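S.K.: Sequence and computational prediction follow.
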Amino acid sequence: AASADTPAAGAAATRRLLDDGPVPDALFATSDLLALGALAALRQAGRRVPEDVAVVGFGDGGAAACAEPGLTTVRQPVEEMAAETARLLLRQIDHRGERAPSVIFPPTLTVRATA
């Protein structure tokens, strides 16, 4: 059995979706790895991306830009999130008992060839 966040799992889920019909116009995967598997399953099923089915992933890791076709994906600013986490941790150490502020990092859409 495929683990939860792999191309194999994305391909298996996409094959199930295609078998259950009707074929959707678009797929959103909760990770780029799952989306890469979806791309492979769609290609094997003779579906064209994005003409038949648009595919969007989540994460914008290196694999998204290297995918063929390039994967449209939602980017989280991971580096900024890590830096802010470290800053907040240090603040908590210096100011014990204070509640840390909430920080929102807006995602951005990185449009490539799959949508």
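M.R.: Cool, the structure landed.
S.K.: okay, and the helix or strand of the protein with the least pLDDT?
M.R.: Ranked by mean pLDDT, DSSP states H and E, the weakest helix or strand in the chain is helix 62-66, scoring a mean of 87.
S.K.: In the chain, where's the longest strand?
M.R.: strand 54-59 (DSSP state E).
S.K.: Strand partners (parallel or antiparallel) of that strand?
M.R.: Strand pairing for strand 54-59, using DSSP bridges, gives strand 26-28 (parallel), strand 72-75 (parallel).
S.K.: From the contact counts, what lies against the least confident helix or strand of the chain?
M.R.: Contacts defined by 3 or more CB pairs under 8 Å, 6 or more residues apart in numbering; DSSP states H and E place helix 62-66 against helix 32-44. Glycine gets a C-beta too; all of them are placed from N, C-alpha and C.
S.K.: now for the helix it packs on, which elements pack on it?
M.R.: For helix 32-44, the packing partners by 3+ CB pairs under 8 Å, 6+ apart are helix 7-20, strand 54-59, helix 62-66.
S.K.: how about the longest one: buried residues?
M.R.: Along helix 7-20, the positions that meet the burial threshold by neighbour count (16 or more other CB atoms under 10 Å) are 7-15, 17-18.
S.K.: Could you verify my assumption that V74 touches A64?
M.R.: No - contact criterion CB atoms under 8 Å: V74 and A64 do not qualify, at 9.8 Å.
S.K.: who's more crowded, these two?
M.R.: A64 (25 against 18; other CB atoms under 10 Å).
S.K.: wait, what's in contact with the more buried one?
M.R.: Listed by CB atoms under 8 Å, 6 or more residues apart in numbering, the contact partners of A64 are 32, 35, 57, 70-71, 73, 110, 112.
S.K.: tell me, which helix in the protein spans the most residues?
M.R.: Ranked by residue count, the top helix of the chain under DSSP state H comes out as helix 78-94.
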